[in-house]
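[1] need coordinates for the following:
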Amino acid sequence: MALPSNYDASRVSVDPSQLNSCVDSLNMACDTINTALGNIMTSLSGLRLAWTGDSQQLADDFNSRWEFAMGEMFGTQQDPSMGILNTLTGGVAYAVSNYANTEAAIANMWSQFEQQLLGTGGSPQDFTDTASGTPAPNYHTTSVNETGV
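    The predicted structure is shown next:
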């Protein structure tokens, strides 16, 4: 993805409720994966009895490495939180919380600002912003959407 030439034209938009739905989907997927892996590990454990000699040692080595790799990736049925996918899901859940808390704090800030304005006995329409005097040399007004052209 190319970097934008004008960062003022870029925006980040996050919908905490939609992100929360993703967390729910990720949790369900992790549970399904952990159940399937548990079934696979049970089947592999049953096969150990069928191997003998060098084949048994190779099968045991493979099963140990498989179990370790799957445990790192997905956790275990006893403790799924150990897996990286569950850790990432937790990170997304924290992001949901942070975005929702930030949104609530900003809404509260504007509500308090409105109450302060109304508490002065006036209304927002009573306030005007005027410039007075002559601008200094090289005076420049920057707009929010300025492109530098």
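[2] isn't Met41 right up against Glu67?
    Yes - Met41 is within contact range of Glu67, at 6.2 Å (criterion: C-beta atoms under 8 Å). Quick note: C-beta positions are derived from backbone N, CA and C, even for glycine.
[3] host element of the closest residue to Leu37 other than its chain neighbours?
    Counting by C-beta to C-beta, 6 or more residues apart in numbering, Met70 is the residue found nearest to Leu37 once chain neighbours are left out, at 5.2 Å. Secondary structure from DSSP states H and E places Met70 in helix 53-74.
[4] what's in contact with that helix?
    Here helix 53-74 makes contact (C-beta atoms under 8 Å, 6 or more residues apart in numbering) with 30, 33-34, 37, 41, 44-45, 47-48, 51, 80, 82-86.
[5] so what's the residue count around the nearest residue to Pro4 once chain neighbours are set aside?
    The shortest distance from Pro4 to any residue other than its chain neighbours is 4.9 Å, reached at Ser10 (C-beta to C-beta, 6+ apart). Here the count is done by other C-beta atoms under 10 Å, and Ser10 has 9 residues near it.
[6] what about whatever helix or strand Glu114 lives in, average pLDDT?
    Assessed by DSSP H and E, Glu114 sits inside helix 84-119. The pLDDT scores in helix 84-119 average 88.
[7] next, the angle helix 53-74 makes with that helix.
    Angle between the axes of helix 84-119 and helix 53-74 is 0 degrees (criterion: axes from the mean of the first three to the mean of the last three C-alpha atoms, to 10 degrees).
[8] and Tyr75, what pLDDT?
    Heads up, residue 75 is Gly, not Tyr. For Gly75, the model assigns a pLDDT of 79.
[9] any idea how far Tyr99 is from it?
    Counting by C-beta to C-beta, to the nearest Å, the separation of Gly75 from Tyr99 is 26 Å.
[10] pick out whichever of these two has more residues nearby.
    Counted by other C-beta under 10 Å, Gly75 and Tyr99 do not tie: Gly75 has more neighbours, with 21 against 16.
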